[in-house]
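Trainee: Structure for the following, please:
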Amino acid sequence: MESLKSESVSKRFGSLYAVQNVSLSIGSGERRAIIGPNGAGKTTLLNLFTGQLKPSAGRIYMFGQDVTAIPEHQRVHLGLARTFQVMNLIFNLSVLDNVLLAIQAVMPFRFGMFRSQNAYSNLSEEAQMLLTQWGLWERRKDLVRNLSYGEQRRMELATALASKPNILLLDEPTSGLSEAEAASFVAMIRGLGRDTTLVIVEHDMDVVFEMADYITVLHYGQVIVEGTKEEIKANSKVREVYLGEEG
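Mentor: Reported below is the predicted structural model:
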């Protein structure tokens, strides 16, 4: 079954097409990487998937449902989550409070104003389990701004997973990490169950080849080739436009 699908999707800013006639079909549980040089339209495509941007043309589907006109927050409740190239955390709150807010945001009582957060014991239990899984429980009382960059990246992933998404979009998840931090982060992501579909925008080709089942290559907003990592490695057009080789 398809988790996520775009059908002839385009996004135009004035006369410039950031994404043009992109059709993708991403299966349930798949690990799909979207790669391409700077300006290829990768993050714009993610923003179209989330509803942050509306397409100029085409349709977007989640689990067979047309979500083209559905706003961003409603797609979250359908099972979509994402991380950002620039982190989207509340830096002046503690690690624990960030996760508690992320969990509560998808709960039926999220708009309740007359009970404290502490009244919901299951929130604390879920937060502890999640932070322990991602190696952050010991830092639960620390402000997010006092974490290392690598810990903040893990924190962002933990908050994204707090909603128990069926589809997780990762935008440059290893950007700014050291080689050791990136390897650790990749190992954590690879440990996610196949009940979560992953769509990964990533510039580090080693990370892409390690994580992806299937790879889509964008260039000037258009899909130029798709395939397995072996097929992408062997494709001369990919080497020319993405890896800087000729021939």
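
Trainee: Break down the chain into its helices, ranges please.
Mentor: Shown for the chain, the helices assigned by DSSP state H span residues 42-50, 72-77, 95-104, 121-133, 149-161, 179-190, 205-211, 229-234, 236-241.

Trainee: how far is the least confident helix or strand in the chain by mean pLDDT from where the chain is centred?
Mentor: Ranked by mean pLDDT, DSSP states H and E, the weakest helix or strand in the chain is helix 236-241, scoring a mean of 82. Averaging C-alpha positions (C-alpha atoms, centre = their mean, to the nearest Å) puts helix 236-241 26 Å from its chain's average.

Trainee: what's around Gly51, how many residues?
Mentor: Other residues within reach of Gly51, judged by other C-beta atoms under 10 Å, total 19. C-betas here are computed from N, CA, C, even on glycine.

Trainee: Val186 contacts Thr174, doesn't it?
Mentor: Yes: counting by C-beta atoms under 8 Å, Val186 touches Thr174, with 7.0 Å between them.

Trainee: got the contact list for Asn88?
Mentor: If you count contacts by C-beta atoms under 8 Å, 6 or more residues apart in numbering, Asn88 has them with Glu156.

Trainee: Need the pLDDT of it.
Mentor: Per-residue pLDDT puts Asn88 at 73.

Trainee: One more: Glu156?
Mentor: On the pLDDT scale, Glu156 gets 88.

Trainee: now swap in Gln133 and tell me
Mentor: At Gln133, the model reports a pLDDT of 87.

Trainee: Excluding chain neighbours, what is closest to it?
Mentor: The shortest distance from Gln133 to any non-neighbouring residue, by C-beta to C-beta, 6 or more residues apart in numbering, is to Ala158 (7.8 Å).

Trainee: Counting neighbours, what do you get for the one you found?
Mentor: Neighbours of Ala158 (other C-beta under 10 Å): 22.

Trainee: is it true that it touches Trp134?
Mentor: Yes: using C-beta under 8 Å, Ala158 is in contact with Trp134, at 4.6 Å.

Trainee: what sits against Thr147?
Mentor: Just so we're on the same page, residue 147 is Leu rather than Thr. Contact partners of Leu147, counting by C-beta under 8 Å, 6+ apart, are Val95, Arg139, Met155.

Trainee: give me that answer again for 10 Å
Mentor: The neighbours of Leu147, taking C-beta atoms under 10 Å, 6 or more residues apart in numbering as the test, are Leu89, Phe91, Val95, Leu136, Arg139, Arg153, Arg154, Met155.

Trainee: Give me the buried entries from those.
Mentor: Buried members of the contacts of Leu147, counted by 16 or more other C-beta atoms under 10 Å: Leu89, Val95, Leu136, Arg139, Arg153, Arg154, Met155.

Trainee: before we move on, the earlier item: joint contacts of Ala158 and Trp134?
Mentor: Between them, Ala158 and Trp134 share the contacting residues Val95, Val99, Met188, judged by C-beta under 10 Å, 6+ apart.
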